[in-house]
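Participant: Give me the fold of what follows.
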Amino acid sequence: MDEISPARQWRVPASLPAAKLAGAAALVALGLLFADGDTVRLVLACLAAVALAGWAVRDLIAPVRLAVDPEGVTVIHGFAGRRMLPWPAIEAITVDRRPRLGLTTEMLEIDAGESLHLFGRYDLGTMPEDVAAELHAARRGATG
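Facilitator: Next up, the predicted model:
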């Protein structure tokens, strides 16, 4: 009997939405502090705060960005939707590394033909290279 690995999920770290909400509150506070009667400054600070809070709400509503099971991979789609990608639909799973300003960023790329799904370290809660290795192992286990 073949042993198939159980489902695995990768999610946004729990501290990230809290930091985004704190940043949104700080933007509003700074906008109020430095507005000096200028409504444009206050409106811009509030708009930036709303955008940051919306980003945090997405992290709270759909914290799981990527999941794998024997049938394939489930990725986040749109604001908080899910999309199942069966193993045959996935053409490649790679990690893209790019140096910039003295730092190297890594992105997990899941190429499903007509769609490309990108996940960073803060989407997954761990290093993209580790996730790619687990996805390759799950794919080998599922396809034999």
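Participant: Where does the record place the domain boundaries for the chain?
Facilitator: Annotated domains of the chain cover 15-61, 64-143 [automatic domain parsing].
Participant: Of all those domains, which one comes closest to residue 7?
Facilitator: Closest approach to residue 7 among these (CB to CB): domain 64-143, 4.1 Å. C-betas here are computed from N, CA, C, even on glycine.
Participant: Quick one: end-to-end length of that closest one, please.
Facilitator: In domain 64-143, first residue to last residue: 24 Å (CA to CA, to the nearest Å).
Participant: do the same with stretch 109-125
Facilitator: Start-to-end span of stretch 109-125 (CA to CA) is 15 Å.
Participant: mind listing what's buried in that stretch?
Facilitator: Buried positions in stretch 109-125, judged by neighbour count with 16 or more other CB atoms under 10 Å: 110, 112, 117, 119, 121, 123-125.
Participant: Stretch 67-79 too?
Facilitator: 67-69, 72-76.
Participant: Please apply the same query to stretch 80-96.
Facilitator: Across stretch 80-96, burial judged by 16+ other CB under 10 Å covers 85, 87, 90, 93, 95.
Participant: nearest spatial neighbour of the spatially most central residue of the chain, skipping sequence neighbours?
Facilitator: Centroid-nearest residue in the chain: residue 123, 2.7 Å away (criterion: CA atoms, centre = their mean). Nearest residue to residue 123 in three dimensions, chain neighbours excluded: residue 65, at 4.5 Å (CB to CB, 6 or more residues apart in numbering).
Participant: now residue 35
Facilitator: Using CB to CB, 6+ apart and skipping the chain neighbours, the partner closest in space to residue 35 is residue 42 (4.2 Å).
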